[in-house]
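Q: I need the structure of the sequence given here:
(4 chains)
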Amino acid sequence: MPGNGIHEKVMPGNAIQQKVMPGNAIQQKVMLAKPRLAREQIAQRAALELPDGAYVNLGWGIPNLIADYLPKEITVYFHSENGILGMGRRAKSGEEDFDQVDAMKVPVTLIPGASFFHQADAHLMSRGGHLDVAVLGGFQVSEKGDLSNWKIPGAKDSGGIGGAMDIAAGAKTLIVCMEHTTKDGAPKIVKKCTYPLTGLACVDTIITDLAVIDVKPEGLILREVARGWTAEEVQVLTGVQLIVRQQIPEMSFA
Amino acid sequence: MPGNGIHEKVMPGNAIQQKVMPGNAIQQKVMLAKPRLAREQIAQRAALELPDGAYVNLGWGIPNLIADYLPKEITVYFHSENGILGMGRRAKSGEEDFDQVDAMKVPVTLIPGASFFHQADAHLMSRGGHLDVAVLGGFQVSEKGDLSNWKIPGAKDSGGIGGAMDIAAGAKTLIVCMEHTTKDGAPKIVKKCTYPLTGLACVDTIITDLAVIDVKPEGLILREVARGWTAEEVQVLTGVQLIVRQQIPEMSFA
Amino acid sequence: MKQKLYASLDEAVADIPDGAQIMFGGFGGAGFPNNLIQALARKGTKNITAVSNNCGTREGELGLMFKNNQIKHVIASFPGPHANYFQERFAAKEVTLELVPQGILCERMRAAGAGLQGFYTTVGVGTEVAEGKEERLLEGERCILELPIHADYALIKAQQADELGNLTYRLAARNFNPIMAMAAKTTIAEVEEIVPVGTIDPEHVMTPAIFVHRIVQAKGLRYAG
Amino acid sequence: MKQKLYASLDEAVADIPDGAQIMFGGFGGAGFPNNLIQALARKGTKNITAVSNNCGTREGELGLMFKNNQIKHVIASFPGPHANYFQERFAAKEVTLELVPQGILCERMRAAGAGLQGFYTTVGVGTEVAEGKEERLLEGERCILELPIHADYALIKAQQADELGNLTYRLAARNFNPIMAMAAKTTIAEVEEIVPVGTIDPEHVMTPAIFVHRIVQAKGLRYAG
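A: Residues are numbered from 1 along each chain as shown, chains lettered A, B, ... in the order given. Coordinates of the predicted model:
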């Protein structure tokens, strides 16, 4: 909640260029040493955001782990931008069919009621608002919900966009799963993205190794924090002022 | 050929409004009484324009008769804008399936190698330049190859466009089959269409009950005339000066 | 999980409000959602904006909607030679019409389904269809700008559905149905047959379940012209 | 009648000239025309503008084309983590790249196939992709104008072909292939199997014969990454 003492700890706008903030350097160092959630736990938490019966696209990285953590009582239809709806688990050794791969080139199985279609129809589903939820990885998310997730500034290689921009433009709900800070400790939740953008005002929820945060018109709302972390500590590692409306519960995994 | 005496017989621009031309009223009367080709013969002549292996769309009216007159030695793949490629003959009594109809709602058969697809793909074929030949009916064709074929001016009903505009925009070769004049004797080949337009500069060849005429950048080139007719006589009933480059042969049917 | 299967035609259309924009599948007598149309007539929804290739065949297909004066505006390509109820209302100015080239009708609906905000085409340039539309040169050609056609509902007809909503269509009864299924907020499919999940070969699904929100089996009127 | 069936891969690509714009199907290792690519390597066509989702996987897929320096410009969405031959040439400025969002790559090719001259999309607005493109508001949204991508040739991979050119694809090996088949002037399909005309159910044809100009059976390289 504004006025709860968190204000002073907000990191200024461009956190990338000034990786260690003078004002709270000590406090930040402490934070960086504390244990955080594993990538698998981020995925596990994100799995809980998927409603029963939802059509869902999972991007590269952490999101791709989510399928392993779906609650047993729900059915979710996974979409792959190469033209599959209804992907099941990854194929086991010996049952792989390399004509049946996901967007990461991994052989997958199908669930009953799956379908194949060409790639234009696959992206039509993403862009046209037919996916209930998409989960992407992220390099940065801004306080307006802008997303950067496809290219590291200054990288020498070409980068690659893939289906992320179509998904960012069209999914009904977009969740970003990522680490809360870079390896150097710089916040990945920032005032304004400094990495090349994927889409504007597209992110609805951010799930990190420290917190669950919702992007709302009024700002970034802290919904949950990881076990052992306080809202104030999460704020120190966040480049934007978080709105704290209540006693913040611990991130749940079931 | 310019200067061959045909010039004087050219009907002025707007032939619709002045149905009987003062200058050649008598001559025109004679012409109008002469026997012309039947609709079936127009279709029969048009059938010869279809190359072996061509993908072809036939419109309403005279074009729809063409399939009955295909030379036996060639195979043509008929396209229907409701999503069929490879239509065969009309279904006989007793073999009709009303889920397998052409664009005129007539039950049809298929030839081996036919395919079904949705209507967006069907029109994609028309508009995207994939059809080798389309044959449409016409109310008017201008000397630039503009076509009017969907609405009669002043008609009280709504009119209807159907697939004609997509075809006019996209077919590699567009043939129009129509009577050479209206029932009142007014030319349907005109300087400028006065009926609502279907497409601009889209017609390649006009086949009528009197002649075969090619639309070229330099003008309308008379290619053949019906038995019993001369180039001069056809010119009298045409609203545009025809280019006559040679001794004009009789319209052939085989 | 949300159940897509509806027990009756009437339940499937029960929430369609007055003023809704509704797409109706079908072409040339094939693939019309005739049974849903009859349910919508029973329901009595008024002031509909209809999107349909034709405007009915006598009392059949959309004819019933015009006879009952349920439609105030129609976006169509080829009202048709036997659309007498439509033509009467049109002549009486009780219904307005936007006439669209057939392929452009498909593309405008597809654009809505595909999350595209408009496209340029040479189709209709210089004709009545171009009136009031932006024209420009692109790739050396005169083009006009066409905008998406969205809908609140699509009423479509399919052959088979599984309970998830995967659809197949029979022969040329496919026509507009898969396009409309993609373009509407809520797609309601009447089907000949409901089959167990897994029955339809994944390679042969014609409309994937993601586009289908309600399914109802209808053994009644297949052809209604 | 023009015969579509070619006796060899080499004959199927024999006329592809230097400077051609060529689409290459395939995604994630599946549905790549690997055998046609090898034929094109043997032929040695240079200065190709390639349109492809990725830029090869080591020597596999398009990798061979980059290794041989046959491509001068590529329009791609996701060059890929193992496109080392491409990345080397790209770093050396021997090849230029236009990076396109994957769905927009599909739509731009489809627009070419569909005879549309451009479309508006919200995808990429405010990003590098929008640089140099016209932006406007449509339906209340910021959109950019995207133009069609045409090609002289499409090299695609299918499962079955009949001798007329009707195609089916296997599982997710469909991907970009049907879209590219529609977009190119000349579409060349390498297929696993050639079946008699009439074998493929008309309802299950995935690419109708009208889009396919050359067919060649290739029993060689199915996966090449």
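
Q: in which helix or strand would I find A:A120?
A: helix A:119-127 (DSSP states H and E).

Q: so what secondary structure elements neighbour the lowest-mean-pLDDT helix or strand in chain A?
A: When each helix and strand of chain A is scored by mean pLDDT, DSSP states H and E, helix A:25-33 comes last, with a mean of 76. For helix A:25-33, the elements it packs on are helix A:231-236, judged by 3 or more CB pairs under 8 Å, 6 or more residues apart in numbering or on different chains; DSSP states H and E. Just so you know, the C-beta spots here come from the backbone N, C-alpha and C atoms, and that holds for glycine as well.

Q: Find the residue ranges of the chain scoring beneath the pLDDT cut-off.
A: You didn't pick a chain, so chain A it is. Scanning chain A for pLDDT under 70 picks out A:1-24.

Q: right idea, wrong chain: chain C
A: Residues of chain C that meet the cut-off, pLDDT under 70, sit at C:1.

Q: Try it again at 90.
A: C:1-2, C:81, C:139, C:219-220, C:224-225 (pLDDT under 90).

Q: Report the angle between the lengthiest helix in it and helix A:119-127.
A: Secondary structure assigned by DSSP state H gives helix C:102-114 as the longest helix of chain C. Relative orientation of helix C:102-114 versus helix A:119-127 (axes from the mean of the first three to the mean of the last three CA atoms, to 10 degrees): 50 degrees.

Q: next one: the helix holding A:A120 to chain centre, how far?
A: How far helix A:119-127 lies from its chain's middle: 21 Å, per CA atoms, centre = their mean, to the nearest Å.

Q: Mind giving me the packing neighbours of it?
A: In terms of contacts (3+ CB pairs under 8 Å, 6+ apart), helix A:119-127 is packed against strand A:77-80, helix A:164-170, helix C:102-114, helix D:102-114, helix D:177-183.

Q: hang on, C:H82 packs against C:T57?
A: Yes. Counting by CB atoms under 8 Å, C:H82 does reach C:T57; the two are 4.6 Å apart.

Q: Up against chain C, what does chain A have?
A: A:52-53, A:55, A:74-75, A:77, A:79, A:85-86, A:110, A:112-117, A:121, A:124-125, A:127-131, A:166, A:169-170 (CB under 8 Å from any CB of the partner chain).

Q: which of the residues you listed count as buried?
A: Buried members of those, scored by 16 or more other CB atoms under 10 Å in any protein chain shown, are A:55, A:77, A:79, A:85-86, A:110, A:113-117, A:121, A:124-125, A:127-131, A:166, A:169-170.

Q: What's the separation between the residue of chain C found nearest chain B and chain A?
A: Scanning chain C for the residue nearest chain B gives C:G103, at 2.7 Å (criterion: CB to the nearest CB). As judged by CB to the nearest CB, to the nearest Å, C:G103 and chain A stand 17 Å apart.

Q: Next up, the contacts around that residue.
A: Shown in contact with C:G103 (CB atoms under 8 Å, 6 or more residues apart in numbering or on different chains): B:E81, B:A120, B:A122, B:H123, B:L124, B:S126, B:R127, B:G163, B:M165, B:D166, C:V123.

Q: what about 10 Å?
A: Counting by CB atoms under 10 Å, 6 or more residues apart in numbering or on different chains, C:G103 makes contact with B:81, B:119-120, B:122-128, B:161-167, B:169-170, C:77, C:121, C:123, D:114-116.

Q: Equivalent analysis for A:I74, please.
A: By CB under 10 Å, 6+ apart, the residues touching A:I74 are A:A47, A:L48, A:L50, A:P51, A:D52, A:G53, A:A54, C:M1.

Q: Show me which residues of the stretch 1-150 of chain A are close to chain D?
A: Contacts of the stretch 1-150 of chain A with chain D, taken as CB under 10 Å from any CB of the partner chain, map to A:60, A:80-84, A:87, A:97-108, A:110, A:114, A:116-128, A:146-148, A:150.

Q: And the buried ones among those, selectable in PyMOL?
A: Only the buried entries of the residues of the stretch 1-150 of chain A next to chain D go into this PyMOL selection, using 16+ other CB under 10 Å:
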select buried, chain A and resi 60+80+81+82+83+84+87+98+99+100+101+102+103+104+105+106+107+108+110+114+116+117+118+119+120+121+122+123+124+125+126+127+128+146+147+148+150
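
Q: Between the contacts of A:I74, which sits nearest chain D?
A: Nearest member of the contacts of A:I74 to chain D, counting by CB to the nearest CB, is A:A54, at 20.1 Å.

Q: My read is that that closest one contacts A:V76, right?
A: Yes. With contact defined as CB atoms under 10 Å, A:A54 counts as touching A:V76 (5.3 Å).

Q: who has more neighbours, these two?
A: Set A:A54 next to A:V76 and count neighbours by other CB atoms under 10 Å in any protein chain shown: A:V76 wins out with 24 against 20.

Q: The more buried one and chain B: what is the separation?
A: Using CB to the nearest CB, A:V76 is found at 28 Å from chain B.

Q: what are the phi and psi angles of that residue?
A: Note on A:V76: backbone dihedrals following degrees, to the nearest 10 are phi -130, psi 140.

Q: if I look at it, how far off is C:T207?
A: Going from A:V76 to C:T207 by CB to CB, to the nearest Å gives 20 Å.

Q: Equivalent analysis for C:T121, please.
A: On the measure of CB to CB, C:T121 and C:T207 end up 25 Å apart.

Q: higher neighbour count, these two?
A: Ranked by neighbour count (other CB under 10 Å), C:T121 and C:T207 place C:T121 first, with 32 against 28.

Q: Phi, psi for the more buried one please.
A: phi -150, psi 150.

Q: before we move on, what about C:L40?
A: phi -70, psi -30.

Q: Report the contact partners of the residue of chain C most remote from its centre.
A: Note on chain C: the largest C-alpha distance from the chain mean falls to C:G140, namely 34.0 Å (CA atoms, centre = their mean). Neighbouring residues of C:G140 by CB under 10 Å, 6+ apart: D:Q117.

Q: cool, and C:M65?
A: Counting by CB under 10 Å, 6+ apart, C:M65 touches C:22, C:24, C:37-38, C:40-41, C:45, C:48, C:50, C:52, C:55-56, C:71, C:74, C:85-86, C:95.

Q: before we move on, back to that, deepest of the helices and strands packed on helix A:119-127, which one?
A: helix A:164-170 (a mean of 30; mean count of other CB atoms under 10 Å in any protein chain shown).

Q: The residue nearest to C:G225 when sequence neighbours are not counted: neighbour count?
A: Excluding its sequence neighbours, the residue lying closest to C:G225 (CB to CB, 6 or more residues apart in numbering or on different chains) is C:T57, at 3.3 Å. Residues near C:T57, counting by other CB under 10 Å, number 23.

Q: Kindly report the same for C:L97.
A: When counting by other CB under 10 Å, one arrives at 17 neighbours for C:L97.
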